[in-house]
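K.L.:
Prediction below, plus the sequence it came from.
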Amino acid sequence: MPREKKAAIYCRVSTMHQVDKDSLPMQRNDMINYARYALGITEYEVFEDAGYSGKNTDRPAFQTMMERIKAGEFTHVLVWKIDRISRNLLDFATMYASCKKLGVTFVSKNEQFDTSTAMGEAMLKIILVFAELERNMTSERVSATMNARAAEGKWNGGRVPFGYTYDHETDSFAFRDDEASVAIELKDIYLQEHSLTKTAKLLNEAGRRTRRGYKWTPATVAIILRSPFYRGTYRYNYRNESEVTFSFRDKSQWVMCGKHHPALFSADDYERLDYWLTKNQRVKGKAHHVQRKHVHIFAGLIYCGSCGEIYFASADRPSPSGYQRSMYLCSGRRKSRTCRNKYVTDDGVGSFIFSYISHIVQLRTAFRPNWSTKRIQKFLLKGRALQEVESIPSYTLAQLRIVLLENVAGTAEYQAANERTETASAAAECRRANLEAELERSKRALDRLTHLFLYAEDAMPQTEYLQQKKVLDDNITRIRSELAKIKKSSIFASSLSDEQFISKAAGFLFKTAVSSGRIDFPVLVNDVGRPALKEFVNTVITRITVLDGHVTQIEFTNGQVHTFRYKP
């Protein structure tokens with residue numbers, strides 16, 4: 001015996017404006033009459049959701065209706081239009097599958113079909129596809145508009161970053177003194193400790209709190225340090241808003257607007273922050289560089305002169321004095337066992353490296369115009385750490401001599417050269433700032449061009465778009481190339497004074513130890529500390545090649561390569 005018909009009538013409006021216009025009563029009365037006179041159903045129950053969007057089914061009345069449908073109370077589901085259920089195809093498909101499995105008929109009054117017929121079921125799916133298409137196109141238009149605003153430097157709203165205030169009338173940001181001082185303190189602590197956890201702990205011990213009054217955590221510290229907002233750059237469209245968990249979009253989709261507001265951290269601060277955050281970042285739960293008790297100063301820099309493989313580091317046993325050295329062994333020897341290159345220790349490599357840097361620093365003061373390349377070589381190779389080296393290539397020595405001649409102390413030529421160096425440095429910095437500004441303008445122009453091509457009412461011809469895009473792409477490539485050259489040339493100054501060399505290389509604090517020329521590596525480690533020595537070495541050197549226990553080549557970060565030939 002067939003069960004008696006009973007309809008679940010569902011009504012929804014998405015805005016209060018629709019509620020005020022009596023849209024819900026209109027839907028309700030229309031569908032009650034349709035159920036009675038068109039479907040012959042006299043028993044029904046109405047479910048209403050006022051002010052809820054159709055983008056998903058997370059609505060109270062709808063969920064209650066579905067629970068009672070699954071309990072077997074209804075034979076029909078009646079809606080005014082199918083998009084009242086959902087504009088999302090997946091959500092509706094889930095709901096419809098449940099109804100079909102339970103034998104419940106879905107009826108849409110406005111579209112004049114029901115799913116008890118094959119045609120009605122097919123038409124329903126087709127109409128829903130277009131409903132979802134309309135929603136996606138609306139979403140794309142809104143996103144494109146917001147991205148275009150961001151590319152022009154306009155604030156799209158959201159939480160104002162810690163340390164700043166926002167003025168809606170002038171559309172501008174300013175420092176919030178109480179928070180800005182905490183953000184600067186946070187940055188300074190991290191640059192000293194190189195640890196997110198330690199930074200959060202010290203801030204909390206000092207009584208510092210977040211804007212909401214909470215204690216600092218490593219995660220909240222990282223947000224401040226990694227955000228480009230504190231360098232004056234507005235970043236937009238960089239995260240997936242639709243996902244429950246935080247994740248980044250591909251960088252090609254980011255909108256970056258430089259020089260957007262006052263920067264709280266300097267460019268130098270950000271270079272140092274990026275360096276340590278990159279070293280300490282975690283991949284699959286493991287840190288690239290962990291602040292442990294024993295730090296391997298030359299890890300990642302030493303390469304085998306025989307097979308070309310990188311050396312891996314391990315800690316040796318502590319000596320009776322407590323000093324613990326690092327040992328470096330060729331990874332190719334461990335993997336294939338074909339390489340027979342010897343291991344090296346950091347006290348051996350360290351004594352060589354720092355002695356050689358010390359000699360370069362001293363050479364600037366000691367050099368005289370009548371010195372030959374042979375005498376320069378003798379000066380560079382003095383001392384016990386370099387006594388086994390027989391020679392340095394003549395072209396390297398000749399290049400050094402030319403530089404030294406331009407920087408002879410106490411002469412008019414030196415003064416003029418020094419002034420030229422300072423002027424060139426200032427000009428390079430000005431050029432760098434101008435190039436960075438030009439790069440940001442070109443990137444924004446490219447974003448606007450793409451937006452115009454895709455969304456403007458008067459369509460731009462594809463040929464014209466491609467031509468203009470090529471011009472902008474070529475300009476961006478040129479600017480980035482020039483910036484890379486300026487950055488590379490600024491690492492080592494042409495002057496080899498100890499003040500310029502050390503400050504340019506790492507801003508390091510052991511100038512006295514290096515300048516003295518008497519390098520006792522264990523003492524240097526004890527006085528300066530392994531983390532600081534590691535930071536210095538990574539700043540000035542990109543590669544160290546060793547063969548038979550000797551340093552045979554040093555490649556500096558400015559591209560200079562110094563090779564050493566040893567005595568038989």
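P.N.:
Structure's in. What do you need?

K.L.:
Go ahead and report the secondary structure state at Arg235.
P.N.:
strand (DSSP: H, G, I helix; E, B strand; the rest coil).

K.L.:
no no, Leu533
P.N.:
Under three-state DSSP, Leu533 comes out as helix.

K.L.:
and the gap between it and Ser306?
P.N.:
Using Cβ to Cβ, to the nearest Å, Leu533 is found at 27 Å from Ser306. C-beta: built from backbone N, CA, C; applies to glycine.

K.L.:
Neighbour count for these two, which is higher?
P.N.:
Higher neighbour count among Leu533 and Ser306: Leu533, with 24 against 18, using other Cβ atoms under 10 Å.

K.L.:
Leaving out the residues flanking it, which one is nearest to the more buried one?
P.N.:
Distance criterion Cβ to Cβ, 6 or more residues apart in numbering; nearest residue to Leu533, sequence neighbours excluded, is Ile297 at 5.0 Å.

K.L.:
do Thr450 as well
P.N.:
Lys469 (7.6 Å).

K.L.:
these two touch, right, the one you found and Ala445?
P.N.:
No. Here Lys469 does not reach Ala445: they are 10.0 Å apart, not a contact under Cβ atoms under 8 Å.

K.L.:
can you list residues touching both of those two?
P.N.:
Here Lys469 and Ala445 have no joint contacts, going by Cβ atoms under 8 Å, 6 or more residues apart in numbering.

K.L.:
Tell me how many other residues surround the residue nearest to Thr450.
P.N.:
For Lys469, the neighbour count with other Cβ under 10 Å is 14.

K.L.:
Please apply the same query to the one 10 residues further on.
P.N.:
Ile479 has 20 neighbours, counted by other Cβ under 10 Å.

K.L.:
One more: Lys470?
P.N.:
10.

K.L.:
Same check on the one 10 residues further on?
P.N.:
Arg480 has 12 neighbouring residues, counting by other Cβ under 10 Å.

K.L.:
what about it, which helix or strand?
P.N.:
For Arg480, the host element (DSSP states H and E) is helix 462-489.

K.L.:
Ile376 now?
P.N.:
Applying DSSP H and E, one finds Ile376 within helix 373-380.

K.L.:
And His294, by the same measure?
P.N.:
Using DSSP H and E, no helix or strand contains His294.

K.L.:
Same check on Ala433?
P.N.:
helix 412-455.

K.L.:
Give me the mean pLDDT for that helix.
P.N.:
Taken as a whole, helix 412-455 has a mean pLDDT of 69.

K.L.:
before we move on, what about stretch 294-302?
P.N.:
Here the average pLDDT along stretch 294-302 is 87.

K.L.:
still on that earlier bit, and the helix holding Arg480, how far out from the chain middle?
P.N.:
Distance of helix 462-489 from the chain centroid (Cα atoms, centre = their mean, to the nearest Å) equals 22 Å.

K.L.:
and this protein, what are its domains?
P.N.:
Using automatic domain parsing, the domain ranges for the chain come out as 7-145, 177-287, 294-407+495-568, 410-493.

K.L.:
Nearest to Pro161, out of those?
P.N.:
Closest of the domains of the chain to Pro161 is domain 177-287, at 4.8 Å (criterion: Cβ to Cβ).

K.L.:
how close does the residue nearest the centre of the chain get to Tyr52?
P.N.:
With distances taken as Cα atoms, centre = their mean, the residue of the chain nearest its centroid is Arg226 (7.1 Å). Look at Arg226 and Tyr52: by Cβ to Cβ, they are 37 Å apart.

K.L.:
just to revisit the earlier point, what helix or strand does the residue lying closest to the residue nearest to the centre of the chain once chain neighbours are set aside sit in?
P.N.:
Take Arg226 and drop its neighbours on the chain: the residue closest to it by Cβ to Cβ, 6+ apart is Leu277, 6.4 Å away. Assigned by DSSP H and E, Leu277 falls within helix 267-280.

K.L.:
what does the average pLDDT come to for that helix?
P.N.:
80.

K.L.:
Please spell out which residues along that helix are buried.
P.N.:
For helix 267-280, the neighbour count (16 or more other Cβ atoms under 10 Å) marks Asp269, Tyr270, Arg272, Leu273, Trp276, Leu277, Lys279, Asn280 as buried.

K.L.:
so can I have TSV of the residues you listed showing distance to Asp177?
P.N.:
Output for these, formatted as TSV (distance: Cβ to Cβ, whole Å):
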residue	distance to Asp177
Asp269	19
Tyr270	22
Arg272	24
Leu273	22
Trp276	27
Leu277	26
Lys279	32
Asn280	30
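
K.L.:
now, among those, which is nearest to Asn538?
P.N.:
Lys279 (8.4 Å).

K.L.:
and that closest one, how far is that from Val403?
P.N.:
Taking Cβ to Cβ, one finds Lys279 at 32 Å from Val403.
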